[in-house]
Structures are given as structure tokens and as C-alpha cells.
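Q: Here you go, sequence then predicted model.
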Amino acid sequence: MSEPAPPAEESLPEQIANRRAARERIAALGVPTYPNRWDVTHLVSDVVARFGPLDAQAIEALPEAERQVSVPGRILAIRKMGKAIFLDLSDGRRRVQAYVRRDAVPEAAWELVGHLDLGDHVGVRGAAFRTRTGELSVKAERIDFLAKSLRPLPDKWHGLTDVERRYRQRYVDLAVAPETREVFELRARLVSYIRRFFDARGFLEVETPMMQVLPGGAAARPFVTHHNALDIDLYLRIAPELFLKRLVVGGFTKVYEINRNFRNEGISTQHNPEFTMLEFYTAYADARDQMALTEELFSSAAIELLGSTRLPWGEETISLEAPFRRLSMRDAVVEHGRDLPGGPVAPGDLEGLEALKRTCARAGVEGLERFGDVPGKLLAELFETLAEPHLLQPTFVVDYPAEISPLAKAKPEDPAIADRFELFIGRMEVANGFCELNDPDEQAEKFRAQVAERTKGDDEAMLFDEDYVEALSYGMPPTAGEGIGIDRLAMLFSNSRSIRDVILFPLMRPRGSGR
RNA sequence: GGGCCGUUAGCUCAGCGGUUAGAGCAUCUGCCUUUUAAGCAGGGGGUCCUGGGUUCGAGACCCAGACGGCCCA
């Protein structure tokens, strides 16, 4: 354990001491410094929405009662003009100005205003009007103190540019940066839309275990925890897949779950150890049906949330207009393997173990031994190296090797090819879906092959889940399933280049000592 | 795990081996009744990320470490 952090306030005694003293002076006025409640008629955004469209005369023409507002907010700017003070109030989205005249408020309120600091919460009661410069304002008749900020906020002009602090102290970021709030409001609307989309199509939202005795449903390392009463280790789930399919066995023919997955792996601009996954399962459907549903979901969500299927993505634009391109994994490698040393990749260069190894070497793939002479893994690696970095526009990559798809059913015409796809947008993997393997004997065989891979050193290979095979043995109808990474989808919709910009509190290494 | 970059006042940032480390905002004092990055005058505020080293002298150079960012694995 690290040493307990010293009181961080020692590092900024002057500003904190000033603010504590100001709080004492406010208390001396006889007003509560942390009142329990305050009667709100309008938030700042409401004031802006109500009066923003009106010019000065239009506002003044309103009956007095309609101009009256009781609006709370955090003070983000103070301009003292002698016997008048302007306060910028923020609700995190918008700002409105309060105009406090010495001769228009009670004596105690005027004294209070003199003791306010940037970051304090106050409530202002008064009439909306426009100043002679046209600024929408509230002419204070009363002003109530709601809470003190004992620490200074970031620079009022530059805001919080230190990305580390933005992630570690998201509340500070949110307090001063409306554009940060907008990202998370957009994310919330996206998730809400997804629920409406699936609910409207007869899907049932369910919740399956986050703590699992056997982590399954994906190729990833799990987090381990321990249940004391049962004295067993449990794993935070890496995917809900195997439980959702048990529900399909039970007769829920359309189910979905939106919840957290946990993978004990690296952190990057596209990876957070806990991330949010949508998984949905449709009985009687195959991969083609899921792809069509996905196109409909993405393009309708874009229209609903952004008003367009065209998404700005840095300097580029992504079109979510359906249909999305379909491209086989092999064709993707050929298409994007034209400039390899030794000439472009030919289809024959992807046939057979030795040819694949030679092609990998030409593509600069190192450490071939980690693929354990599995041709499908080599092909997938070539795809990731050569093709994935180019898949800006939505592309369903299809025809995955069956041997790297142990939970998927093969295509009827080719047992070596899984009826599976992954969707790439913005050079990121956004979705992974397939027709679910529902033959319990074949599933058992695939699990055995996975266990063999694991003993050969692949610690991401799956474990044998006997209970799941037993569930399948009761009979699962033909079913297609899919997982969609909500965080990455939120990145696309908000034009965010880092997953940490769409996760409120991304995982950070703990600070060694007090800041 | 590797490479590159960053860490200086509360915030945003300057700082070329050489006085007592600076600016803007914030803060404090004073003035100012429609201002708005308000303005004017004056003041205070520093573990230059940490620990070693080189040097007469280190915020700067060297080594190690911490934390973060980007890229790669």
C-alpha cells in the first residue's frame, strides 16, 4: 500500500484559506452555507431556451410574472463594477448572466455577493432582460448561497487542457467544459436509442452474470476475484455470450444485453479494461440477417442523433449510409497487400501454412511462433496488419476461418469458413457476429481444440464449458448473435479519437502520492 | 514490453548552462451602477515531478525512477 496522501490543501494554502475565510464571512451573515434545497423554476439552459430567441423589447413586453425566474448555477465568471456585479451562472451546458445592483437587492445579499468566489453555487431570483449590449441577463432581486467551492477552478479561458486531470478529475472537466458534457449526453442518447431500437423489434433486455465461475464467450484474459462464503474464485466476465445463448435455449428468441465486460489486457486509445458491450441474439437468423439489422441500427441511430448518416471523423468523413461494404477476409488481405516487398499478395499466397508464413514474413509480422501453426490465426494476423488500418468506411469483413471461431457455425457450403463477420468503421473493430454453433457435439469438439491450443501456450484460448454444452444439448434453435462495442460506437458518433474521451472515469494508474 | 514527447505559480504557458525563475488569467488591497477574456493602480504567491550525478554555478546537461500523452508490440 502506498503512503496515505498528505492533505492536498497544503499545496495551495493561499487560495483555499481565502475561500474558507469567505465561507466564514458568508456564515456570519446568518445564511446557511450548505442549504438542503432551493426552489428552482428554471435551469440556466431553460432560461436560455425561453428567452434566448427574444430580443430586448420582446422580453420587456412580457408580463412581469413571465419574466421572473429562480435559476441556480455555478459561478464561472465575476465582473465587479463597483456598485454592480455581473455573475456568469453555468448549469454545465449553457451560461446566463446575473446582474446584481447594490440598490436592487437586500443589504445582506449585496454583502454576500462580495464574498462569492469562482466555482461557488448560488441561486438567483429575478426578471429576465437584456443589457444594452444585448446580453441575456437576470436582474437579481434575491440571491441565495447554495454551496462553496473551496478550490479554484481551471483557467476561465483555457479550461482544463491537462488530459490526465481531465480523466482523473472528470468533475472538474465537466464543470468547465460543456463540450465534454455533450459527449456524455450524446453517449447516453445513443444507448437510449439502442434500447428503443431493440425493444421496438421485440427483443427482451436481460441481465446475465458479471461474475462467472468459468469465463467464456471470447478470447481474452479475465480478472479474478474471490467469493468468501463459497470459497471459490470467480471471474469478471469477458463476455455475456454463453449465458445469452442459454436464454435462447430457454425460449427467449430475441434477447439483448447492454453491460460491462472486463478484459485483463492493455490500455490504449481503443481499449479500457472495463468497457460496455451490446450483445443481441436473434433466433432463426444467420449472419446475413444480423448484418442487415446492424446497418439499420447504425444508420437510423446516426439520423436520430446527428441528423445525418455522414459522420465527421477528424479530417475525414464516415458514411453510415446502408448498405455497408462486404469484403471477405482473404480479399481484404489481397486488396491491401499490394505493396509488400516481393510483390503484391496473390490469393495463392494465403493458401496453406507455409505460404501464409512466407506472406507474414513479407508483411513484417514477427514472432510467428505465437500463432502455433494455425493457418487461420496467420490469416487473421495478416488481415489485422495489412487491411484493418485501411478500413475507414463501414466494412463487414466476412468469411472468417472456422478454426478461430470456436462458437460459430460454419457456412453450409464450406466447413472451413465460419458464417461470421466483423464490422470495421474508422479503422476500428466495432462489431463481431456470427451464426451460432448449436450442435452440442461439434461445440464440445471445438472446446477440446481450444483446450489443446491453451496447453500449447495460447492463454487466450477458451475453456471447456461443460454446462454450456449441456445447455446446447437441450436444443438451441438456429440463432445469430452479435456484439457491438458501445464505447467505440460512442467514439464514432462523437468524433473522439480516444476511448477515454467517451468513458467518464477511465482506468488510470493510481498516483503514488498526494497531488 | 519498446520508441518518441511532456511534467515550471491555483490554471494556461514562456524561460538561450550564468543576477533574486517570468507572463496572462486566478488570488489579495483600492477605484468603478448595463459589463462580458470588463477596465485602471498596487501587492502576495514556486518541492521548476522525484532521487542521484557533472559543474565554481543546474529549471536547463547526464543517469535512474514516477505519472501522463502519442506511436509500436
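A: Perfect, thanks for sending it. Residues are numbered from 1 along each chain as shown, chains lettered A, B, ... in the order given.

Q: what's the longest helix belonging to chain A in contact with?
A: Across chain A, the longest stretch assigned as helix under DSSP state H is helix A:178-200. The contact list for helix A:178-200, computed with Cβ atoms under 8 Å, 6 or more residues apart in numbering, reads A:92-94, A:166, A:170, A:173-174, A:205, A:254, A:256, A:258, A:276, A:278, A:280, A:297, A:300-301, A:304-305, A:486, A:489-490, A:493-494, A:496, A:501-502, A:504. (C-beta placed from N, C-alpha, C; glycine too.)

Q: Can you name the element that comes right after it?
A: The helix or strand immediately downstream of helix A:178-200 is strand A:204-205, counting by DSSP states H and E.

Q: Show me the contact partners of the very next helix or strand once past that following strand.
A: Later in the chain than strand A:204-205, the nearest helix or strand by DSSP H and E is strand A:211-212. With contacts defined as Cβ under 8 Å, 6+ apart, strand A:211-212 is touched by A:225, A:227, A:234, A:235, A:236, A:237.

Q: can you tell me which two in those residues are farthest apart?
A: A:227 and A:237 (14.5 Å; Cβ to Cβ).

Q: out of those two, which sits in the busier spot?
A: The residue with more neighbours, out of residue A:227 and residue A:237, is residue A:237; 26 against 11, by other Cβ atoms under 10 Å.

Q: Next, give phi and psi for that one.
A: In terms of degrees, to the nearest 10, the main-chain angles of residue A:237 are phi -70, psi 140.

Q: Let me see the contact set for the residue of the stretch 351-500 of chain A found nearest RNA strand B.
A: The stretch 351-500 of chain A approaches RNA strand B most closely through residue A:498 (4.0 Å), counting by Cβ to the nearest atom of the strand. Residues near residue A:498 by Cβ under 8 Å, 6+ apart: A:269, A:491.

Q: any idea how far residue A:487 is from it?
A: 10 Å (Cβ to Cβ, to the nearest Å).

Q: Same check on residue A:266?
A: Distance from residue A:266 to residue A:487, by Cβ to Cβ: 15 Å.

Q: what do you get for residue A:133?
A: 43 Å.

Q: Neighbour count: those two, which is higher?
A: Neighbours were counted for residue A:133 and for residue A:487 using other Cβ under 10 Å; residue A:487 has more, 22 against 6.

Q: Compute the inter-axis angle for the helix or strand containing that one and helix A:178-200.
A: Taking DSSP H and E as the definition, residue A:487 sits inside helix A:486-494. Here helix A:486-494 runs at an angle of 120 degrees relative to helix A:178-200 (axes from the mean of the first three to the mean of the last three Cα atoms, to 10 degrees).

Q: strands paired with the helix or strand harbouring residue A:278, and their directions?
A: For residue A:278, the host element (DSSP H and E) is strand A:274-283. Next to strand A:274-283 in the sheet, as set by DSSP bridges, lie strand A:254-262 (antiparallel), strand A:479-485 (antiparallel).

Q: Over to the closest residue to residue A:451 other than its chain neighbours. Which of the three states is it?
A: Leaving aside its chain neighbours, residue A:451 sits nearest to residue A:464 (5.4 Å; criterion: Cβ to Cβ, 6 or more residues apart in numbering). Using DSSP: H, G, I helix; E, B strand; the rest coil, the structure places residue A:464 in coil.

Q: How many residues are close by residue A:464?
A: Neighbours of residue A:464 using other Cβ under 10 Å come to 16.

Q: go on, residue A:24?
A: 11.

Q: residue contacts, it?
A: Contacts of residue A:24 (Cβ under 8 Å, 6+ apart): none.

Q: That one: helix or strand, and which one exactly?
A: helix A:13-28.

Q: Check the burial of residue A:354 by counting its neighbours.
A: 10.

Q: looking at this, it is in a strand?
A: No: under three-state DSSP, residue A:354 falls outside any strand and is assigned helix.

Q: Please list the outside residues in contact with the helix holding residue A:487.
A: A:182-183, A:186-187, A:190-191, A:194, A:258, A:270, A:272, A:275-278, A:298, A:301-302, A:305-306, A:311, A:313, A:318, A:425-426, A:428-430, A:496-499, A:501-503.

Q: Residue A:361 and residue A:378 touch, don't they?
A: No: between residue A:361 and residue A:378 there is no contact under Cβ atoms under 8 Å: 10.4 Å.
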